[in-house]
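J.: structural data only, the sequence is not supplied:
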Ligand SMILES: Nc1ncnc2c1ncn2[C@@H]1O[C@H](COP(=O)(O)OP(=O)(O)OP(=O)(O)O)[C@@H](O)[C@H]1O
Ligand SMILES: [Mg+2]
């Protein structure tokens, strides 16, 4: 039996909007098994990013719970080791070269040693940037930057990767490559993946597809 | 190295670019403040050091005084000279007189020197500009430069000296004649406050003018090199009767030294504001940086960074600028001190004021004396102020909500 790396129960989140409340999430339940890949689709503004942030422990729900491997501790210290995140905008630190950006994840976790450096180099090679390790983000293309971000997300061998529209800023061909790379990396690292995407083809590549609709996660409507 | 220090260094010195603008300008601001503090405090310290020399050269390291004078001074001198650490002692008499030359009066202090011992205690001879201390006898005096200039007397002239005794003699209806003395030298110590208006004569002349008999007003003491003045004064006091007290020169001139120290303290405080203003510019640059890097700060949270460490990253940038600016400032300051005389010479040449400086200060060179404690204070304060400069930006960064930071455009 595979254990559950992430379980969310009854997540609710609303934002004040003028005088009214904008109810974005109205009771989201989600279980992610180890090594599993899940895609989440939904129209713009449906609350996908909001949901991911709750799952990552970056924001607190109005009600409901998030647990990682059964523990409700989603604090910063645990996040560094447990979770990898990828975003639509790649968020590389501009002063650090590709290698240092990947290694930054380990620096924050603590314990940069020879093995960590070797792993960062290995990961960069894996995402096809072995030769570009010492280039600054400003000297890399969008696709290359996102691949650096993928390597960074995997640096600490997380149990779970949360990816928020990682191909949103990339052209189709590049985007396909990045998603394939992401799925492959998660598979070989046995990391679970929650992939938020607008792209049905990308969603189809994950084991399970869900849609965020009217504040709830539902199986996709199939005609 | 913790990640926040590493990132702070990288933000100040990004890979590839050697010295970015922000780092350069901020460091320069701090460095200028430090350099100026070091230079000004050293030169002021130099002047203070010169003043110490002037005092010790003219009155010894320890001054012995007694209310109502010292009667049997040869015995006291012998006693004092037997105290360990004492090199020599010389008695003196000192009081006000009136001097007249060509109908121009002046009211200086006349200091009566014991010619046998004065050269063993003081280095007055060194400050005689015209004439010589050796020419002094009971019918001659040496004038301070300022006084000589104000009454127009020169070496070889004869001046009249009126003593305070004139009052009592007039009261007793006695005939009173002023003492006619020759000017045999002009003496300039070089500091206005020390030099204002003193004339020097023999001890006998002074005793006669004041009607002292064989009493003296005090005894100046020179110590062997390296002997602590306060310890020596205490040892001397131990062998002297209660009514005769020895004071180290620092105690004798404590009022004067207090004013000097106050001056230095004020200047230090004012110059420190350069560092503070530089720190303000560091603060505003770092605040801009926090705003510019909002999304990165969000990312750091997503990577598991704790707010306190995010804060430390920005505080550390202030600290590093402080350390770097201090180091650069020290180099700049000490370099400027090393070539200070060339700078002064150049300014003199450009402004053609060489003579004024020489006349006013007697120093043909700009003195400099750097105290380790002062430099230490400058270093500590500058680094502390620079680190404080990072505090507000750090606080701003730590307060950013991760979600909002990631969402910001
Ligand atoms: N801090 C906030 N304050 C107010 N409203 C917010 C805030 N954050 C999100 N919202 C609103 O919540 C809704 C969901 O936003 P969210 O970013 O989760 O959508 P999304 O599904 O990720 O959209 P997209 O596909 O465009 O990225 C939106 O209507 C948004 O305007
Ligand atoms: Mg979104």
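T.: Looks like it came in fine. Predicted model only: the values in this text are computed from it and were never measured. Ligands and ions are numbered 1, 2, ... in the order given.
J.: how about the secondary structure of the residue of the stretch 301-409 of chain B found nearest chain A?
T.: Of all residues in the stretch 301-409 of chain B, residue B:304 sits closest to chain A, at 2.5 Å by Cβ to the nearest Cβ. Just so you know, the C-beta spots here come from the backbone N, C-alpha and C atoms, and that holds for glycine as well. What DSSP: H, G, I helix; E, B strand; the rest coil gives for residue B:304 is coil.
J.: burial count for it?
T.: Neighbour count of residue B:304, defined by other Cβ atoms under 10 Å in any protein chain shown: 24.
J.: contacts only, for it.
T.: By Cβ atoms under 8 Å, 6 or more residues apart in numbering or on different chains, the contact list for residue B:304 reads A:76-81, A:83, A:108-109.
J.: I'd like the residues you listed as JSON lines, with neighbour count and secondary structure appended.
T.: Output for those, formatted as JSON lines (neighbours: other Cβ atoms under 10 Å in any protein chain shown; DSSP: H, G, I helix; E, B strand; the rest coil):
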{"residue": "A:76", "neighbour count": "21", "secondary structure": "helix"}
{"residue": "A:77", "neighbour count": "14", "secondary structure": "helix"}
{"residue": "A:78", "neighbour count": "15", "secondary structure": "helix"}
{"residue": "A:79", "neighbour count": "27", "secondary structure": "helix"}
{"residue": "A:80", "neighbour count": "24", "secondary structure": "helix"}
{"residue": "A:81", "neighbour count": "17", "secondary structure": "helix"}
{"residue": "A:83", "neighbour count": "26", "secondary structure": "strand"}
{"residue": "A:108", "neighbour count": "26", "secondary structure": "helix"}
{"residue": "A:109", "neighbour count": "19", "secondary structure": "helix"}
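J.: including distance to ligand 1 and pLDDT, could those residues go into JSON lines?
T.: Shown next, in JSON lines, are the contacts of residue B:304 (distance: Cβ to the nearest ligand atom, whole Å; pLDDT from 0 to 100):
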{"residue": "A:76", "distance to ligand 1": "20", "pLDDT": "89"}
{"residue": "A:77", "distance to ligand 1": "25", "pLDDT": "89"}
{"residue": "A:78", "distance to ligand 1": "23", "pLDDT": "93"}
{"residue": "A:79", "distance to ligand 1": "19", "pLDDT": "94"}
{"residue": "A:80", "distance to ligand 1": "24", "pLDDT": "93"}
{"residue": "A:81", "distance to ligand 1": "26", "pLDDT": "93"}
{"residue": "A:83", "distance to ligand 1": "18", "pLDDT": "95"}
{"residue": "A:108", "distance to ligand 1": "25", "pLDDT": "95"}
{"residue": "A:109", "distance to ligand 1": "27", "pLDDT": "93"}
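J.: filter these by proximity to chain B?
T.: Contacts with chain B within the contacts of residue B:304, counted by Cβ under 8 Å from any Cβ of the partner chain: A:76-81, A:83, A:108-109.
J.: of all of the stretch 51-200 of chain B, which residue lies closest to ligand 1?
T.: residue B:51 (68.0 Å; Cβ to the nearest ligand atom).
J.: do the helix or strand hosting that residue and chain A meet at all?
T.: Taking DSSP states H and E as the criterion, residue B:51 maps to helix B:21-59. No. Helix B:21-59 is not in contact with chain A by Cβ under 8 Å from any Cβ; minimum separation 11.3 Å.
J.: which strands or helices does the following helix or strand past that helix pack on?
T.: Of the helices and strands lying after helix B:21-59 in sequence (DSSP H and E), the nearest is strand B:62-70. Here strand B:62-70 touches helix B:73-81, strand B:86-96, strand B:216-223, helix B:229-239, strand B:244-248, helix B:249-252, going by 3 or more Cβ pairs under 8 Å, 6 or more residues apart in numbering or on different chains; DSSP states H and E.
J.: from the ones next to chain B among the contacts of residue B:304, which is closest to chain B?
T.: The shortest approach to chain B among the ones next to chain B among the contacts of residue B:304 belongs to residue A:80, at 2.5 Å (Cβ to the nearest Cβ).
J.: please name the residues that touch that closest one.
T.: Counting by Cβ under 8 Å, 6+ apart, residue A:80 touches A:105, A:108-109, A:156, B:303-305.
J.: my guess is residue A:3 contacts residue A:33, does it?
T.: Yes. Assessed by Cβ atoms under 8 Å, residue A:3 is found in contact with residue A:33 at 7.2 Å.
J.: who in chain A is up against ligand 1?
T.: Counting by Cβ under 6 Å from any ligand atom, chain A comes close to ligand 1 at A:15, A:22, A:24, A:42, A:44-50.
J.: just the buried subset of those residues, please.
T.: With burial judged by 16 or more other Cβ atoms under 10 Å in any protein chain shown, the buried subset of these is A:24, A:42, A:46-50.
J.: CSV for the residues you listed, including distance to residue B:178, secondary structure and pLDDT?
T.: Shown next, in CSV, are these (distance: Cβ to Cβ, whole Å; DSSP: H, G, I helix; E, B strand; the rest coil; pLDDT from 0 to 100):
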residue, distance to residue B:178, secondary structure, pLDDT
A:24, 108, strand, 94
A:42, 114, coil, 93
A:46, 112, coil, 93
A:47, 109, coil, 94
A:48, 110, helix, 95
A:49, 104, helix, 94
A:50, 105, helix, 95
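J.: what kind of secondary structure is residue A:28 in?
T.: strand.
J.: could you double-check that it lies in contact with residue A:8?
T.: Yes. Counting by Cβ under 8 Å, residue A:28 touches residue A:8, with 6.0 Å between them.
J.: which residues do the two both contact?
T.: Common neighbours of residue A:28 and residue A:8 (criterion: Cβ under 8 Å, 6+ apart): residue A:64.
J.: higher neighbour count, those two?
T.: Using other Cβ under 10 Å as the criterion, residue A:28 and residue A:8 rank with residue A:28 on top: 26 against 20.
J.: residues in contact with the more buried one?
T.: For residue A:28, the contacting residues are A:8, A:10-12, A:51, A:64, A:212, A:215-217, by Cβ under 8 Å, 6+ apart.
J.: cool, and residue B:399?
T.: Contact partners of residue B:399, counting by Cβ under 8 Å, 6+ apart, are residue B:307.
J.: in chain A, which residue is most central in space?
T.: In chain A, the centroid-proximal residue (Cα atoms, centre = their mean) is residue A:162; its distance is 2.0 Å.
J.: and the host helix or strand of it, what does it pack against?
T.: Assigned by DSSP H and E, residue A:162 belongs to strand A:160-164. Helices and strands touching strand A:160-164, by 3+ Cβ pairs under 8 Å, 6+ apart, are helix A:48-55, strand A:83-86, helix A:142-154, helix A:172-189, strand A:192-196.
J.: what about that strand, average pLDDT?
T.: For strand A:160-164, the mean pLDDT works out to 96.
J.: okay if I get the helices and strands packed on strand B:62-70 as CSV plus mean neighbour count and distance to chain A?
T.: Below are the helices and strands packed on strand B:62-70 laid out as CSV (neighbours: other Cβ atoms under 10 Å in any protein chain shown; distance: least, Cβ to the nearest Cβ, whole Å):
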stretch, mean neighbour count, distance to chain A
helix B:73-81, 17, 70
strand B:86-96, 21, 66
strand B:216-223, 25, 61
helix B:229-239, 17, 55
strand B:244-248, 21, 58
helix B:249-252, 18, 54
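J.: nearest to residue B:297, of these?
T.: Residue B:297 sits nearest to helix B:249-252 of all these, at 55.9 Å, using Cβ to Cβ.
J.: mind listing residues that contact the closest one?
T.: With Cβ under 8 Å, 6+ apart as the criterion, helix B:249-252 contacts B:52, B:55-56, B:59-63, B:229-230, B:233, B:257.
J.: gap between the next helix or strand after it and the chain center?
T.: Sequence-wise, the next helix or strand downstream of helix B:249-252 (DSSP H and E) is helix B:254-292. Centroid separation for helix B:254-292 versus its chain: 20 Å, with Cα atoms, centre = their mean, to the nearest Å.
J.: can you tell me if helix B:254-292 touches chain A.
T.: No. Applying Cβ under 8 Å from any Cβ, one finds helix B:254-292 separated from chain A by no less than 9.9 Å.
J.: what packs against that helix?
T.: helix B:21-59, helix B:307-338, helix B:372-389, helix B:391-399.
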